[in-house]
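Q: Provided below are the primary sequence and the corresponding predicted coordinates.
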Amino acid sequence: MAKKIKIRASLKNDVTTVKAIMTHPMETGSRKDKESGELIPAHYIQTVLVSLNGEQVFNADWGTGVSKNPYLSIKIKGGVAGDMVALSWKDNLGESNTAETKVKAK
Amino acid sequence: MEITRRKAIKGASLAALALSSSGLMKAAMANATAFDSTDYNEALELFLADNELSAGDIKIKAPEVAANGATVPIMITSSIENTRSISIFVENNPRPYIATFHINPRIEANVSLRVKMRETSNIVAIVKTDDGYFVSKQSVKVTAGGCV
């Protein structure tokens, strides 16, 4: 299953705002399959990392309470148009994904 | 809850002395189990690991009424100096501990995300600084619960 990350980074007043939507089911493990009635196993993102030009600047720990297809917005101080921002996540089943984008001046 | 209270007072005085590396380790381990906890008070206790909470200047931007509990947009801004992390709890969720965002001097203490909410509940934001833990709450009324 393709798990995309949509990511944007925009620079305004010396602050780089990073916004991302990660395609992920974020299953809690307590939801039942409607047809079989069996529990759907937990499947959720546990860690999110953000780096600026290859240097990690942010990380987060998540539980199952984050919405499906998680949205995240953070603000990095500084940054220059053209800088590379990368976001990666890792879930409880060991799957991971990374996406990067260039900082655009607003 | 007497033991907890005693532990909390003891922990606070110890924490005031120094943030030992063993304390940090303990906090990290407690964090993993706090995520699995199904009770708000227990999750909070595991998360705080003997530290006390005080009220702080934390803004929670969330809808007063959420029509869809599966995705409730929230924004948290901490105006407390030296904010190290921002954590989010939803009191009445089956697993109340939602997330922790680690803040450093490169990052503004302002994060947005969407959370699941099973029912009407307080959203609790906890900010960790060098001087301790600070808390702020806001109630969100949920009209249709999210599958959590």
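A: Nice, I can see it. Note that the structure is a prediction, hence the values are computed from the model and not measured.

Q: residues from chain B in reach of chain A?
A: Chain B comes close to chain A at residues B:31, B:35, B:70-73, B:75, B:88, B:90, B:93-102, B:104-108, B:110-116, B:146-148, as judged by Cβ under 8 Å from any Cβ of the partner chain. C-beta: built from backbone N, CA, C; applies to glycine.

Q: cutoff 7 Å now
A: B:31, B:35, B:70-71, B:90, B:93-95, B:97-102, B:106-108, B:110-116, B:147-148 (Cβ under 7 Å from any Cβ of the partner chain).

Q: Quick check: end-to-end length of stretch B:85-102?
A: Stretch B:85-102 has an end-to-end distance of 4 Å (Cα to Cα, to the nearest Å).

Q: Tell me which of the residues of chain B next to chain A fall in strands.
A: When DSSP state E is applied, the residues of chain B next to chain A are split such that B:90, B:97-102, B:107-108, B:110-115 fall in strands.

Q: For the residue nearest to the spatial centre of chain A, list the residues it contacts.
A: The centroid of chain A falls nearest to A:Met22 when counting by Cα atoms, centre = their mean (5.0 Å). Counting by Cβ atoms under 7 Å, 6 or more residues apart in numbering or on different chains, A:Met22 makes contact with A:5, A:45, A:69-70, A:89.

Q: What subset of those residues is buried?
A: Buried members of these, counted by 16 or more other Cβ atoms under 10 Å in any protein chain shown: A:5, A:45, A:69-70, A:89.

Q: can you tell me which of the residues you listed lies nearest to chain B?
A: Nearest to chain B among the buried ones among the contacts of A:Met22: A:Pro70, at 6.5 Å, using Cβ to the nearest Cβ.

Q: Could you give the bridge partners of the closest residue to the closest one other than its chain neighbours?
A: With Cβ to Cβ, 6 or more residues apart in numbering or on different chains as the criterion, A:Pro70 has its nearest non-adjacent residue at 5.1 Å, and that residue is A:Met22. Applying DSSP bridges to A:Met22 yields these beta-bridge partners: A:Ile5.
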